[in-house]
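K.L.:
Structure for this input, please:
(chains A and B)
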Amino acid sequence: MADIQLFLFPFTAMASPCELRLYAHSQGVAEQTAEAAIAEINRIEVKYSRYREDSVLSAINRAAGGDALAIDSETFALLKYADSAYQESGGLFDISSGVLRRAWNFKSGEVPSKSDIAALLSVLGWPKVELSEGEVRLSRRGMELDFGGFGKEYAVDAAARVCAELGIHHGLIDLGGDIRVLGPHPDGSAWQIGIRDPLQPNKAKLVLPLKSGALASSGDYERCMVVAGKRYSHILDPRSGWPVQNTFRSLSVVAPLCLLAGTAATVGLLKGAQSAPAWLSELGMPHYWIDAGGVDGGDLAALRP
Amino acid sequence: MKSKNARGHSAGAFKALSAAALAIPGIVSQVQAAAPVAEAELDYKASAYREADIEGSKLAAGSASRYEIDTHQLRFISPLGRASDLAVDLSYETMSGASPWFIMPGTGGGKPVQVMSGASIEEERKDIQTSIGHYFSQKVSAKVLLGFSTENDYQAVNMGVEASIEIPARELTVTAGIGFSDDEIEPTDPGMPDRIDSATRTSTTAFVAIAQVLNNRTAVQGGLTLVNNDGYLSDPYKKVWREDLSNTVADKRPNERQQVIASARLRHYVPSLRGALHVDYRFFDDDWDVSSHTVDLAWYQNIGDNWQLTPSLRYYGQSQAYFYGPFFYSARDDGYASSDYRLSPYGALSFRLRLERNWGEFSANFEWESYRAAANLAPDDVSVENPGLVEFDILSLGLNFHL
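P.N.:
Next up, the predicted model:
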């Protein structure tokens, strides 16, 4: 058998630059695996895209206020996961919160009125989603689910599963910075993963060695909006409909699955700079944050050069 | 104290979230990677097998009470180091009752009638089967098997090897193996004039099976098995009625029997019903002219989180061995003769119902099977039904412990 070699497959999916790094004994095996993994990512993107009329997600959203819609086992399990994340985050992780984008237009530089937000809150809230075995119903007209908060992370884990099934045990999957390691380099050494400051993307703030598991980041990648001297972050609290005060610019979390890392990063950002670090430490999830002023911290900060 | 509570809650949160994530089909591989068992398990099963009494109209002489078998089975499986596992099966059976001896022609052109063994037989059987599996990688595994069985009048040793290769890219598993068994029969009452003192037989088996996962709900498997039996294959306790002698002669069968078995299985999970359909078909053919078909349909229904109810139905139908007859007018040219109902043309239906309750580390199941054999269930028309065909019920209770 030929020696094991590293093959790189850059591509674009979910509006992000992506890459598969796979170790295989032949180009053929690597290509076959990459093709299958990318097909799986595309399948998930098409199935849960908000922008496609024919997606499962669009069908669910179109039925809002109407009858319950029958859903397949994958969609049901994903919604059960979203339900679990909502419960465990005290309502911070809410996949029905995308409707807030209708009021918050950060490019316009305008702050929505309190009544606009109050109106949106009536069509927002996971408890208004009725989920039962094989069926889902959005109880109010105008409600909308959005898998943006966990679809990409799920696709990373699903692609990892495909690679493992096809016999790839050394490699890495990177979908726009959401990363899952399939296994270390063949010599047993860890992948060196750079974590960047979203505002200074040219150099890594720290390099994280990872042999297994996943890394996901969540952040406020635009400068915050300042209106009448008040700063508004882009991170919207689904409970109030208003931006979270004092949160990080970026938060990266390490977990066994990319889905878990991504959920923890999303919830951590919503919890804000005060309570997120303690919460993540209690969960036992290694993390690294950069705050609005560029100051960094978290237990992974010890790896700083 | 407060922080301790908070930590406990967070650990629970992580567990709940992980469990929800791992329930998503896309994340967890549906392909079973070859791996040794992860934890030790102990199974116990007690069964009571009861044959119905033979009908008075079919009985010529002997006891109407047929076989009863009580079985206790113990199975232990355990990991053995990192890449191996071990399985040990122990079974203890006690048997009693009368069994079919020979068949006499009916008087005045009536149906033939069964003569049963007179005295009630009391026997016990002990059996141990062990196997050690070794997993060379996630794709390649091998197993060696060794077993020993003993009865009052019978001893058998068997051994085998199997190898299994997974081809994940095609979701395919190929398993092949060979086995060998050596049996020794020493009838308990050799004093009877035409009963053998002792005899031996050997059996060699080779099989290959291919399992294919079609999608995350459906899997199929096909298999082919060849068996070669050699030695004393007659039944020392059975006799054959000869009209020309007005007497019985010993059951006599060829000293060789070559068998071919082809099987196909389908497993299909229906998520909306939380149930799975199992369809099994088996075709058997041998050089004694016996060929048979078995069709087994089972529905595994999950009820709530902890219960499973499984009704199933099995049909079996076979043609007769070329040297079979309920009785004989004169000797066959080849000298073979048997009136054993197991070599007669017949069919059988059996219905099973199994209920299982799971308590996490412990589960229990209860099963009932009702079986009835009859000539009119045979695939072909049968002119004379063997009066010894059996009807039985089995009740069993099983317990499983994760250690």
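K.L.:
Can you pull out the residues in contact with stretch B:227-238?
P.N.:
B:99-102, B:117, B:183, B:185, B:187, B:195-196, B:199-205, B:250-261, B:338-340 (C-beta atoms under 8 Å, 6 or more residues apart in numbering or on different chains). In this view, the C-beta of every residue, glycine as well, is placed from N, C-alpha and C.
K.L.:
Run a quick neighbour tally on the closest residue to residue B:223 other than its chain neighbours.
P.N.:
With C-beta to C-beta, 6 or more residues apart in numbering or on different chains as the criterion, residue B:223 has its nearest non-adjacent residue at 3.7 Å, and that residue is residue B:209. As a burial measure, residue B:209 scores 18 neighbours (other C-beta atoms under 10 Å in any protein chain shown).
K.L.:
any idea how far chain A is from residue B:209?
P.N.:
Between residue B:209 and chain A the distance is 21 Å, computed by C-beta to the nearest C-beta, to the nearest Å.
K.L.:
and that residue, what does it touch?
P.N.:
Taking C-beta under 8 Å, 6+ apart, we find residue B:209 in contact with B:174, B:175, B:176, B:221, B:222, B:223, B:224, B:263.
K.L.:
could you dump the residues you listed to TSV with neighbour count?
P.N.:
Output for the contacts of residue B:209, formatted as TSV (neighbours: other C-beta atoms under 10 Å in any protein chain shown):
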residue	neighbour count
B:174	14
B:175	18
B:176	16
B:221	17
B:222	14
B:223	17
B:224	14
B:263	17
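K.L.:
Okay, and which of the residues you listed map to strands?
P.N.:
When DSSP state E is applied, these are split such that B:174, B:175, B:176, B:221, B:222, B:223, B:224, B:263 fall in strands.
K.L.:
now, among those residues, which is nearest to residue A:67?
P.N.:
Ranked by distance to residue A:67 (C-beta to C-beta), the ones in strands among the contacts of residue B:209 are led by residue B:221 at 40.6 Å.
K.L.:
Can you read off the pLDDT for the closest one?
P.N.:
With respect to pLDDT, residue B:221 has a value of 93.
K.L.:
close enough to count as contact, it and residue B:208?
P.N.:
No - look at residue B:221 against residue B:208 with C-beta atoms under 8 Å: they stay out of range, at 11.3 Å.
K.L.:
Now render the contacts of residue B:209 as TSV, adding distance to residue B:378.
P.N.:
Below are these laid out as TSV (distance: C-beta to C-beta, whole Å):
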residue	distance to residue B:378
B:174	35
B:175	33
B:176	33
B:221	28
B:222	26
B:223	25
B:224	25
B:263	21
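K.L.:
Mind jotting down where the strands sit in the stretch 1-150 of chain B?
P.N.:
Taking DSSP state E, counting those that start in this stretch, the strands of the stretch 1-150 of chain B run over residues B:41-51, B:59-61, B:68-80, B:84-97, B:100-104, B:113-116, B:121-135, B:140-151.
K.L.:
biggest strand in chain B, by residue count?
P.N.:
Per DSSP E, chain B has its longest strand at strand B:199-215.
K.L.:
Please work out the average pLDDT along that one.
P.N.:
Rounded mean pLDDT across strand B:199-215 is 92.
K.L.:
Measure how far it is from the centre of its chain, please.
P.N.:
14 Å (C-alpha atoms, centre = their mean, to the nearest Å).
K.L.:
List the neighbouring strands of it plus their orientation.
P.N.:
Partners of strand B:199-215 in the sheet, by DSSP bridges, are strand B:172-185 (antiparallel), strand B:218-231 (antiparallel).
K.L.:
Distance to residue A:161 for those strands - can I get that in TSV?
P.N.:
Below are these laid out as TSV (distance: least, C-beta to C-beta, whole Å):
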stretch	distance to residue A:161
strand B:172-185	18
strand B:218-231	18
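K.L.:
Any idea how far apart the tips of stretch B:72-88 sit?
P.N.:
14 Å (C-alpha to C-alpha, to the nearest Å).
K.L.:
Buried residues in that stretch, which are they?
P.N.:
For stretch B:72-88, a neighbour-count test (16 or more other C-beta atoms under 10 Å in any protein chain shown) marks B:73, B:75, B:76, B:77, B:78, B:80, B:84, B:85, B:86, B:87 as buried.
K.L.:
can you give me the strands for the stretch 201-305 of chain A?
P.N.:
Assigned by DSSP E, counting those that start in this stretch, the strands in the stretch 201-305 of chain A fall at A:213-219, A:225-227, A:230-232, A:248-255, A:287-291, A:296-297.
K.L.:
nearest to chain B, of those strands?
P.N.:
With C-beta to the nearest C-beta, the closest approach to chain B among the strands of the stretch 201-305 of chain A belongs to strand A:248-255: 8.6 Å.
K.L.:
Out of the buried residues of stretch B:72-88, which is nearest to chain A?
P.N.:
residue B:84 (20.7 Å).
K.L.:
if I look at the nearest residue to that closest one once chain neighbours are set aside, how far off is chain A?
P.N.:
The spatially closest residue to residue B:84, leaving aside those adjacent along the chain, is residue B:134, at 4.7 Å (C-beta to C-beta, 6+ apart). Residue B:134 sits 20 Å away from chain A, taking C-beta to the nearest C-beta as the criterion.
K.L.:
Could you report the neighbour count for residue B:134?
P.N.:
15.
K.L.:
And residue B:48, how far from chain A?
P.N.:
Distance, residue B:48 to chain A, by C-beta to the nearest C-beta: 38 Å.
K.L.:
Just grab the bridge partners of that residue for me.
P.N.:
Judged by DSSP bridges, the bridge partners of residue B:48 are residue B:70, residue B:395.
K.L.:
How about residues contacting stretch A:188-201?
P.N.:
So stretch A:188-201 is contacted by A:172, A:179, A:181, A:184-185, A:202-211, A:215, A:217, A:219-221, A:223, A:249-250, A:252, A:288, A:290, A:294, A:300 (C-beta under 8 Å, 6+ apart).
K.L.:
Kindly recompute the last result at 6 Å.
P.N.:
If you take C-beta atoms under 6 Å, 6 or more residues apart in numbering or on different chains as the criterion, stretch A:188-201 is touched by A:172, A:181, A:184, A:204-211, A:219, A:221, A:250, A:252, A:288, A:290.
K.L.:
how far does it sit from the chain's center?
P.N.:
With C-alpha atoms, centre = their mean, you get 17 Å for stretch A:188-201.
K.L.:
which SS state does residue A:44 fall under?
P.N.:
helix (DSSP: H, G, I helix; E, B strand; the rest coil).
K.L.:
what about the helices in the stretch 101-250 of chain A?
P.N.:
Along the stretch 101-250 of chain A, counting by DSSP state H, counting those that start in this stretch, helices occupy A:114-121, A:151-165.
K.L.:
Output these in JSON lines, with mean neighbour count, mean pLDDT and distance to residue B:45 appended to each entry.
P.N.:
Formatted as JSON lines, the helices of the stretch 101-250 of chain A follow (neighbours: other C-beta atoms under 10 Å in any protein chain shown; pLDDT from 0 to 100; distance: least, C-beta to C-beta, whole Å):
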{"stretch": "helix A:114-121", "mean neighbour count": "14", "mean pLDDT": "90", "distance to residue B:45": "59"}
{"stretch": "helix A:151-165", "mean neighbour count": "25", "mean pLDDT": "94", "distance to residue B:45": "35"}
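K.L.:
export those to CSV and tack on distance to residue A:57?
P.N.:
Output for the helices of the stretch 101-250 of chain A, formatted as CSV (distance: least, C-beta to C-beta, whole Å):
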stretch, distance to residue A:57
helix A:114-121, 19
helix A:151-165, 9
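K.L.:
which stretch among those comes nearest residue B:241?
P.N.:
Nearest to residue B:241, of all these, is helix A:151-165, at 62.7 Å by C-beta to C-beta.
K.L.:
and the angle from that closest one to strand A:213-219?
P.N.:
Angle, helix A:151-165 to strand A:213-219, by axes from the mean of the first three to the mean of the last three C-alpha atoms, to 10 degrees: 160 degrees.
K.L.:
still on that earlier bit, do you know which of the helices of the stretch 101-250 of chain A lies nearest chain B?
P.N.:
helix A:151-165 (3.7 Å).
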